[in-house]
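S.K.: Curious how this folds, go ahead:
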Amino acid sequence: MPCKVFDFLVLYLAVKLTSDRQFLAVLRYIHQNPVKANLCGSVGKYKWSSYNEYLGESRIVDRDYALEMIGVDEFIKFNNSSNNDNFLDNRAKTYLLTDSAIKAMMRELCNCDTVEGFQRFNSKERDYYLKKLREKGASIRQISRLTGISKGIVQRR
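M.R.: Take a look at the predicted model:
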């Protein structure tokens with residue numbers, strides 16, 4: 001079975017998963033979070049977890065992909081085993097810049113901080129400034145909103 005690509009939003013962090021191994025590790029990470037946070041004693045005891053959906057009748061979880069990979073018995077063993085899956089916990093924290101910070105960058109970079117002003121640049125200048133704003137940490141969505149340039153164009157720069 002070819003690997004599917006999943007996007008999980010974990011603790012406000014978007015993570016692109018590109019392998020079955022990563023998918024299972026993130027699934028275990030999610031199931032073990034309540035235990036690590038001392039909200040319960042085991043993965044099956046947390047009321048709001050999807051873990052039990054994988055073991056019994058599934059009402060809201062599409063469990064087939066995971067269970068076809070490792071089966072129910074291995075799933076139980078895997079989710080209850082200790083591990084070193086801390087790749088999500090140890091990621092560098094990133095913070096979104098405020099709109100006012102991005103506007104200040106725009107003023108410094110191109111002497112413009114309005115949609116109307118930004119729209120006056122020719123495509124070569126515009127692309128240069130879009131690239132610089134991305135390099136300075138502005139998100140695609142913020143740049144698009146503050147410059148009036150489509151997200152697709154911003155993303156390709």
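S.K.: Please tell me how far Y54 sits from R126.
M.R.: 49 Å (C-beta to C-beta, to the nearest Å). C-betas here are computed from N, CA, C, even on glycine.
S.K.: I meant to write Q119 there.
M.R.: 8 Å.
S.K.: Looking at these two, which is more packed in?
M.R.: Neighbours per residue (other C-beta atoms under 10 Å) separate Q119 from R126, with R126 holding more: 19 against 12.
S.K.: quick one: which helix or strand includes the more buried one?
M.R.: Using DSSP states H and E, R126 sits in helix 123-135.
S.K.: same thing with K16?
M.R.: Per DSSP H and E: strand 13-17 holds K16.
S.K.: Same question for the helix or strand following that strand: list its buried residues.
M.R.: The element immediately downstream of strand 13-17 (helix or strand, assigned by DSSP H and E) is helix 20-36. By neighbour count with 16 or more other C-beta atoms under 10 Å, helix 20-36 contains the buried residues 20, 22-35.
S.K.: can you check stretch 65-83 too?
M.R.: For stretch 65-83, by 16+ other C-beta under 10 Å, it's A66, M69, F75, I76, F78, N79.
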